[in-house]
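*Asks:* For reference, the sequence and a predicted model appear below.
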Amino acid sequence: MDKVTGYRRIIQNVLEEYAERMSRGNQVRILAVCDTTHDQYLLISLGWSNKRREHAIVFHAQIRQGQIIIEDDGTEEGIGNLLVEEGVADTDIRLAWASAAQAPQVEDEMSLVA
């Protein structure tokens, strides 16, 4: 199994386990959304809390060029930490907000539109 295929499997398993654990006993569900065709991975909160509708992206990552780019992570544990525990090399995880040096190139961003 190549690295990207392995990372797809790991991130999908981690997100599904996290969503199941965080949804237990709560009115607001956490849903794992895994698009392995476009390599986009999200956790979404959905439901009602204190008579207010909740719908938000809790976590978003994508796989590009053999690396996992974490775009946003609103979890307490930090999904990146869970990915490393499951076998993702910490050198293959990039935090989009961490530094301009880690930011994807403009041409990479345009390829996502296609």
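*Replies:* Perfect, thanks for sending it.
*Asks:* for the chain, where's the lowest mean pLDDT among helices and strands?
*Replies:* helix 106-111 (a mean of 49; mean pLDDT, DSSP states H and E).
*Asks:* Got phi/psi on the residue located most distally from the centre of the chain?
*Replies:* Ranked by distance from the centre of the chain (Cα atoms, centre = their mean), the top residue is residue 51, with 28.0 Å. Main-chain dihedrals, residue 51, degrees, to the nearest 10: phi 60, psi 20.
*Asks:* hey, where'd the helices end up in this structure?
*Replies:* Along the chain, counting by DSSP state H, helices occupy 3-23, 79-85, 106-111.
*Asks:* among those helices, which is nearest residue 41?
*Replies:* helix 3-23 (5.2 Å; Cβ to Cβ). For the C-beta atoms, the positions are set from N, CA and C on the backbone; glycine is no exception.
*Asks:* Now do that closest one, average pLDDT.
*Replies:* Across helix 3-23, the average pLDDT comes to 96.
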